[in-house]
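Novice: no sequence on hand, only this structure:
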C-alpha cells in the first residue's frame, strides 16, 4: 500500500511538472518556429492539440485529487472550525484557479505582437491561416508559380500578414486578390510580424518568386532596430521594478490565466506611460540624421533591387491608427520626401482614416492593428493607386 501511494505521489509530481512546463514552450516565436519546422503539417497540429488536451486533463485530475483529499481529511474527519474554514478557503481558491486555468487555455485574444502573450499565440493557432511552405499567411507557393502571369508581392510586417483578422479573406492582400483579374495576376503575401525594412529586404531576395510589382508596406517602427544601434529605446528601470517585473514575467509564463491577467492589466495601467516614452524615442530616431540616413539606406536597397530587376515599386504607408497625425507629421514626412527624390510612388491612407476615431480603426483595446473596416480602406486605396491592376 505504501509503495502504491509512493508511485501516486511520483506520478502527481510529474503531472504538476508537465502542467507548469508546457506554457513555457507555448511562446509565440517558438510556436512559429515549430510550425515552420514541421511545415504546418496536420500531424503536428493534432499533436499540439493533444498536448493541450492532455494538460487540461491533468489539471482536472490534480483538482480531483485535491478535492478527494479535502473530503477525506476535512469532511470525513472534521477538526476545529478555524482549521476547517482555512482549509475550505484554500481549497476553494485553488479549485477556482484550476478551473480558470483550463478555461483560459482555450480563449484566443488578439494582443498585437506581444511575444509573452499566450492569448495572441492561441489566437494565431486558431486563426492565422493558411500557412504556406515559408510560414507566410498565404497559399502554397509552388502551386501558384505561373510564368504567364504577373507576380505581385506584398512585403511587410504584421499589418500585411493581417494580425487581428480572423478570416484571411478579410485581410487587405486577400481583398486585393479577390478584386483583381486572376488570369493576369498572381498575388503573394509576404507579411511577417515584427519585421523591419532590413529583414523585409532579405526575405524579398530569398523568396522563390520574383515580382513584377512590389508593394512594400511601411510602418513607423521600421526604424526602431536602427535606432537601437544608435542608443535609443533604452528605458531606465529601477532595481525594484526589475525584480518585481522579472518575477511577474516568470509567473505569467507558468499559467495561461495569470498571463491573461498580466497582459490585460499591463495594457490598462502601464502601457500609457511606456507608449509616451516610446513615442519620444521614435521622434529622436527620425530627428537624428545619422539614424534616419542609415534607415533610408535600408529602404534604398529595396529601391535599387527593384530598379535592377525591372520591378515596379509602390510603398504603402500605414500610420499608427491610434495617432495618425503623429505618424504623418513626424515619421512619414522624411520618408515621403525620400521616396519623391527617388521617383518612387507611395500609397497613403491618411486622408481617409484621419476623420475616424481610433476605436473605429483598430482591432481592439489590446491590439492596434487594422480591423476589417480599415483593411477594406487599405485595399481600396491600393486598387485606386496601382494603375496596373485596373
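Specialist: Okay, I see it. What you see is a predicted model, and the numbers here were worked out from it, not measured in a lab.
Novice: just the strands in the stretch 151-300 of the chain please.
Specialist: In the stretch 151-300 of the chain, the segments counted as strands under DSSP state E, counting those that start in this stretch are 185-191, 213-218.
Novice: ok now the first one, how far from the chain's centre?
Specialist: The gap between the average C-alpha position of strand 185-191 and the chain average comes to 20 Å, counting by C-alpha atoms, centre = their mean, to the nearest Å.
Novice: which helices and strands does it pack with?
Specialist: strand 150-156, helix 158-161, helix 172-178, helix 197-206 (3 or more C-beta pairs under 8 Å, 6 or more residues apart in numbering; DSSP states H and E). To be clear about C-beta, it is placed using only N, CA and C from the backbone, and glycine gets the same treatment.
Novice: at 7 Å instead, please
Specialist: Contacts defined by 3 or more C-beta pairs under 7 Å, 6 or more residues apart in numbering; DSSP states H and E place strand 185-191 against strand 150-156, helix 158-161, helix 172-178.
Novice: for it, which strands pair with it and how are they oriented?
Specialist: Sheet pairing here is set by DSSP bridges, and for strand 185-191 it gives strand 150-156 (parallel).
Novice: next one: the last one
Specialist: Strand 213-218 sits in its sheet next to strand 150-156 (parallel), strand 312-317 (parallel), going by DSSP bridges.
Novice: distance of the nearest residue to residue 74 once chain neighbours are set aside from residue 66?
Specialist: Nearest non-adjacent residue to residue 74, counting by C-beta to C-beta, 6 or more residues apart in numbering: residue 87, 5.2 Å away. Residue 87 is 11 Å from residue 66, where distance means C-beta to C-beta, to the nearest Å.
Novice: contact partners for residue 342?
Specialist: residue 303 (C-beta atoms under 7 Å, 6 or more residues apart in numbering).
Novice: could you shift the numbering so residue one becomes 33, and keep it that way?
Specialist: Will do, 33 is the new start, and the previous item becomes residue 374.
Novice: just to revisit the earlier point, from residue 126, how far out is the residue nearest to residue 106?
Specialist: 11 Å.
Novice: same check, this time on residue 80
Specialist: Distance from residue 80 to residue 126, by C-beta to C-beta: 27 Å.
Novice: can you check residue 199 too?
Specialist: 39 Å.
Novice: ok, those two, which is more surrounded?
Specialist: residue 126 (15 against 11; other C-beta atoms under 10 Å).
Novice: wait, doesn't the more buried one sit right on residue 101?
Specialist: No - here residue 126 does not reach residue 101: they are 10.9 Å apart, not a contact under C-beta atoms under 7 Å.
Novice: which residues are in contact with residue 169?
Specialist: 160, 162-163, 193-194, 200, 221, 223.
Novice: can those go into TSV with extra columns for neighbour count, pLDDT and distance to residue 136?
Specialist: Shown next, in TSV, are these (neighbours: other C-beta atoms under 10 Å; pLDDT from 0 to 100; distance: C-beta to C-beta, whole Å):
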residue	neighbour count	pLDDT	distance to residue 136
160	23	90	19
162	12	91	26
163	19	86	24
193	27	97	25
194	25	97	24
200	19	97	26
221	25	98	30
223	23	97	28
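Novice: out of those residues, the closest to residue 84 would be?
Specialist: residue 160 (16.3 Å; C-beta to C-beta).
Novice: distance of the closest one from residue 144?
Specialist: Separation of residue 160 from residue 144 (C-beta to C-beta) stands at 13 Å.
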